[in-house]
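In: okay, predicted coordinates and the sequence, questions at the end:
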Amino acid sequence: MLKYLFTLVYICFLLPVNAQKVNQSTESVLPYNNYYTVRGGVNNFLSIVKKKQSATVAFLGGSITFNPGWRDKISNYLKERFPKTKFRFIQAGIPSLGSLPNAFRFKRDVLDSGKVDLLFIEAAVNDRVNGTDSLTQVRDLEGIVRRAKRSNPLMDIILMSFADPDKNNDYAKSKTPAEVVNHELIAQHYDLPSINLAKEVYDKIQNKEFSWDHDFKDLHPAPFGQELYFATIKHLLETCIDKPVHRSIVKPLPRPLNKSNFEHGSYYNITNAYHDKNWVLDNNWVPKDNLGTRPGFVNVPVLMADKPGAEITLPFSGTAIGMGIVSGADAGIVSYSVDNSAYKDIDLYTAWSSMLHLPWYVLFNGNLSKGSHILRLKIANHHNVNSKGNACRIVYFLKNE
């Protein structure tokens with residue numbers, strides 16, 4: 001009897017993380033390797049860790065990267081797999097942020113801290129939720145990859161598309177989500193590994209291995225979902241580790257898919273703006289209401305105004321201009337003009353503004369000619385019907401040199 005129990009426990013331990021959820025009518029568990037493409041792999045990273053050298057791994061993404069789960073598991077796995085390598089991990093996940101914010105904060109939040117050897121990127125969930133258009137997604141992701149490779153030509157990069165209900169709905173209609181298409185487009189062009197976890201989750205649900213409502217539960221995965229993400233990412237890494245490791249190779253960057261990509265995107269200090277007396281620079285902004293905030297968007301300098309007609313003039317050089325704001329319950333509408341073009345309105349109030357001061361990124365123009373430009377921005381005299389006011393709180397300007 002004891003021998004039988006030991007055997008049963010041993011078999012259960014060896015099963016994939018989701019195998020115990022499999023419906024008895026399911027004949028097999030879909031393999032992890034159905035959902036990733038190795039392409040150029042992570043040979044340069046492995047050549048470092050197998051020489052027992054120090055290595056830096058960075059995680060760039062939104063709340064699914066910020067929250068405890070797959071990221072911690074991958075970090076622990078790498079330390080256990082290569083115990084003689086000294087690892088440094090950069091946690092650059094910020095809730096609510098997708099590819100547009102990531103392209104402009106990448107230098108400050110990741111590259112400025114030193115050489116990175118392996119970079120994980122995810123933005124597919126927030127790009128859908130935030131309504132980032134397809135062209136901008138390509139410019140964002142390509143800009144991140146090209147800037148990463150410029151900073152360290154030996155950096156290995158893994159692109160990941162995580163799951164959400166909208167992507168499940170797309171796959172149910174036999175449609176590949178645009179965000180997944182764009183992640184794969186960039187990965188293929190730059191010969192990078194990619195993982196389509198959105199498709200894996202959908203397929204495994206259809207295969208009756210688990211359910212969204214009872215097991216995965218949310219786009220912020222339950223522990224079960226975090227374990228699935230970890231298992232698939234680990235399987236990709238193990239596949240690369242099992243291959244012969246060669247000396248590090250610098251591959252020349254291919255021509256960009258989009259010449260207007262945000263490779264040189266960065267933050268542009270709010271003190272560069274000229275403004276009228278209706279604007280105030282608060283060097284340590286905190287909300288006066290009880291709404292929540294996000295890391296990096298509280299106790300920071302904020303240029304703010306809430307009176308219609310309050311105006312800013314911002315001289316800048318580059319091919320793109322935008323701003324990163326905090327959008328709370330009183331967020332207003334702004335009108336903007338670049339180089340004396342006709343004014344256009346942008347509503348700063350979001351679907352989440354009533355619940356928290358949400359970091360929100362606005363791109364005014366991403367296709368400017370190289371050279372000097374002028375942005376003019378003023379607060380409109382009308383606002384969203386759900387908003388309590390006309391506020392505009394700018395944390396950063398965004399520009400692409």
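Out: Alright, I've got the coordinates. Treat the numbers as computed from the prediction; the structure is a model and nothing was measured. Residues are numbered from 1 along each chain as shown.
In: from here on, just use CA atoms for contacts and neighbour counts.
Out: OK.
In: which residues in the stretch 51-200 of the chain form strands?
Out: 55-61, 87-93, 118-122, 156-161, 194-196 (DSSP state E, counting those that start in this stretch).
In: show me the shaky parts of the stretch 1-150 of the chain.
Out: Within the stretch 1-150 of the chain, the segments meeting pLDDT under 70 span 1-27.
In: quick one: the helices in it, in order.
Out: 2-14, 43-49, 63-66, 70-81, 99-109, 124-129, 134-151 (DSSP state H, counting those that start in this stretch).
In: N272: which of these is closest?
Out: helix 99-109 (16.9 Å; CA to CA).
In: neighbouring contacts of the closest one?
Out: 60-61, 92, 123-124, 126-127, 132, 136-137, 140-141, 143-144, 262-263, 265-267, 324, 361, 398-400 (CA atoms under 8 Å, 6 or more residues apart in numbering).
In: okay, buried residues for it please.
Out: S99, L100, P101, N102, A103, F104, R105, F106, K107, D109 (16 or more other CA atoms under 10 Å).
In: a markdown table please, covering the helices of the stretch 1-150 of the chain and showing distance to I205.
Out: Converted to a markdown table, the helices of the stretch 1-150 of the chain look like this (distance: least, CA to CA, whole Å):
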| stretch | distance to I205 |
| --- | --- |
| helix 2-14 | 21 |
| helix 43-49 | 33 |
| helix 63-66 | 20 |
| helix 70-81 | 20 |
| helix 99-109 | 27 |
| helix 124-129 | 18 |
| helix 134-151 | 27 |
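In: and the strands in the stretch 201-350 of the chain, which stretches?
Out: 265-268, 274-275, 280-285, 300-305, 311-317, 320-327, 333-338, 344-347.
In: can you list the strands that the second one pairs with?
Out: The one in question is strand 274-275. strand 311-317 (antiparallel) (DSSP bridges).
In: mind listing what's buried in the strand it pairs with?
Out: In strand 311-317, counting by 16+ other CA under 10 Å, buried: E311, I312, T313, L314, F316, S317.
In: was I right to think the fourth one contacts S372?
Out: To tie it back to what came earlier, the one meant is L314. No - using CA atoms under 8 Å, L314 is not in contact with S372, being 10.7 Å away.
In: give me the number of residues near D276?
Out: For D276, the number of neighbouring residues by other CA atoms under 10 Å comes to 12.
In: pick the most buried one from the strands of the stretch 201-350 of the chain.
Out: strand 320-327 (a mean of 24; mean count of other CA atoms under 10 Å).
In: give the other helices and strands that it contacts.
Out: Other helices and strands packing on strand 320-327, by 3 or more CA pairs under 8 Å, 6 or more residues apart in numbering; DSSP states H and E, are strand 358-365, strand 392-400.
In: which of those strands sits most buried?
Out: Note that of the helices and strands packed on strand 320-327, strand 392-400 is the most buried (mean count of other CA under 10 Å), with a mean of 25.
In: now the strands of the stretch 201-350 of the chain in CSV, with distance to I379 and mean pLDDT?
Out: Output for those, formatted as CSV (distance: least, CA to CA, whole Å; pLDDT from 0 to 100):
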stretch, distance to I379, mean pLDDT
strand 265-268, 20, 96
strand 274-275, 12, 96
strand 280-285, 14, 96
strand 300-305, 8, 97
strand 311-317, 7, 97
strand 320-327, 14, 97
strand 333-338, 4, 97
strand 344-347, 9, 96
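In: for these, which one sits closest to R88?
Out: It is, among the strands of the stretch 201-350 of the chain and with distance given as CA to CA, strand 265-268, at 23.8 Å.
In: which residue packs closest to E311, ignoring adjacent ones?
Out: In this structure, E311 finds its nearest non-sequential neighbour in K378, 4.2 Å apart by CA to CA, 6 or more residues apart in numbering.
In: shouldn't the one you found be in contact with P308?
Out: Yes - between K378 and P308 there is a contact under CA under 8 Å: 7.5 Å.
In: these two: which is more packed in?
Out: K378 (22 against 19).
In: how about that one, secondary structure?
Out: strand (DSSP: H, G, I helix; E, B strand; the rest coil).
In: so it bridges to which residues?
Out: Applying DSSP bridges, one finds that K378 bridges with E311, S335.
In: give me the mean pLDDT for stretch 233-252.
Out: Mean pLDDT, stretch 233-252: 91.
In: what's the end-to-end length of it?
Out: One end of stretch 233-252 sits 26 Å from the other (CA to CA, to the nearest Å).
In: isn't Y349 right next to I325, touching?
Out: No - between Y349 and I325 there is no contact under CA under 8 Å: 10.7 Å.
In: distance between the ends of stretch 382-398?
Out: End-to-end for stretch 382-398, by CA to CA: 25 Å.
In: equivalent analysis for stretch 70-89, please.
Out: Start-to-end, stretch 70-89 (CA to CA) is 14 Å.
In: equivalent analysis for stretch 302-318, please.
Out: Termini of stretch 302-318 sit 23 Å apart (CA to CA).
In: care to break this protein down by domain?
Out: 18-241, 265-400 (automatic domain parsing).
In: nearest to L257, of those?
Out: Nearest to L257, of the domains of the chain and by CA to CA, is domain 18-241 at 7.7 Å.
In: can you give the distance of that closest one from its chain's centre?
Out: 9 Å (CA atoms, centre = their mean, to the nearest Å).
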